[in-house]
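Trainee: quick one, what's the 3D model for this:
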Amino acid sequence: MKARVFALAAVLALVSACQKSGPESHQAGGNPAGAKTGPIDFSTKSGVQMVYLPGGEFTMGSDHGSPDEAPAHKVKLTPFAMDKFEVTHAMYVKVELPDPSHWQENGNMPVEQVRWRDAKQYCNERSRLEGLKPCYNEKTVDWDCDYSANGYRLPTEAEWEYACRAGSDEVQDSVDSNTLRQRAWFRDDSEKKTHPVGLKRPNAFGIYDLQGNVAEWCEDAYSATYYKNSPLQDPTGPLNPPHGAKRVIRGGSWRSSTDECSPTFRQAEATGDADACFSTDFCGFRCVRRITLAEVEQLNKQSGTPRH
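Mentor: Next up is the predicted model:
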């Protein structure tokens, strides 16, 4: 009798172990179910501060803003990492690229007047600096993006909005100026110029200046109607856009109104790739990359940074 009870207990334990090891017991990135992972700060091999974001599902867009922000729709994102700060002069010249910016008196100010392709070149050079596979194919006309590469690239529109919302699906019909002052340099407080990054409050993910200071290039081509056909998983914008198509910039800048700094506000901008006098001193960028939680923890272990 005791032997039969022992055998039954062993079978039940085996079944339980199989259930726990099934595919649904792990979230993206290899985290055990129930072990919720929030944003994690880490430093890259070249010393750039980034934030690991766990991804997941969120509501993108708004039914109460401009027509191109609608319809509000569900999006699921694979985990990724985003720069904690906008790319600064000091970060830009580290990869030995000429700085095109209007304001250069402080190395911690964000680069601006950056063409879309210049931003992509920076991403590739930073990837090479760290021994990562560059995302952009420099032999193609528009430097096509390989999203499976582990190097740096511009964020997709969906990744940018997910990071800016910082876990919230709520979007106010109008942005309050007094609240925005706490985390953004915009028309009401910027004194008509950019400012060093990180002086305002970060958002709930610990990321700075996503709203205001400089508007940020995204990878996506702009389409006013894209949200009507956007895929659920990791959308990357309209497929096969024509050469020279305008690209999305997000977040508003030092010269933007409160509404233009909304997490859902979309703006189309010419890339400037063929413009010898590109003078958008309101346009900069930050980088993202695909990275696993295990890689993040290894980087933090090597640098002695505690996980938080």
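Trainee: can we go C-alpha only for contacts and neighbour counts from here?
Mentor: Will do.
Trainee: chain center to stretch 207-219, what's the gap?
Mentor: Centroid separation for stretch 207-219 versus its chain: 9 Å, with Cα atoms, centre = their mean, to the nearest Å.
Trainee: span of it from start to end?
Mentor: With Cα to Cα, to the nearest Å as the measure, the first residue of stretch 207-219 is 19 Å from its last.
Trainee: can you check stretch 64-73 too?
Mentor: 13 Å.
Trainee: buried stuff in that stretch?
Mentor: 65, 68-71, 73 (16 or more other Cα atoms under 10 Å).
Trainee: could I get those residues as a markdown table with secondary structure, distance to residue 202 and pLDDT?
Mentor: Shown next, in a markdown table, are the buried residues of stretch 64-73 (DSSP: H, G, I helix; E, B strand; the rest coil; distance: Cα to Cα, whole Å; pLDDT from 0 to 100):
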| residue | secondary structure | distance to residue 202 | pLDDT |
| --- | --- | --- | --- |
| 65 | coil | 24 | 91 |
| 68 | helix | 27 | 97 |
| 69 | helix | 24 | 97 |
| 70 | coil | 27 | 97 |
| 71 | coil | 28 | 97 |
| 73 | strand | 26 | 96 |
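Trainee: just the residues you listed now: which is nearest residue 207?
Mentor: residue 69 (23.0 Å; Cα to Cα).
Trainee: model confidence score at the nearest residue to residue 100 once chain neighbours are set aside, please.
Mentor: Closest residue to residue 100 apart from its sequence neighbours, by Cα to Cα, 6 or more residues apart in numbering: residue 113 at 6.0 Å. On pLDDT, residue 113 comes in at 93.
Trainee: for residue 129, see how far away residue 113 is.
Mentor: The value you get for residue 113 to residue 129, if Cα to Cα is used, is 23 Å.
Trainee: quick one, which of the two is more surrounded?
Mentor: residue 113 (21 against 13; other Cα atoms under 10 Å).
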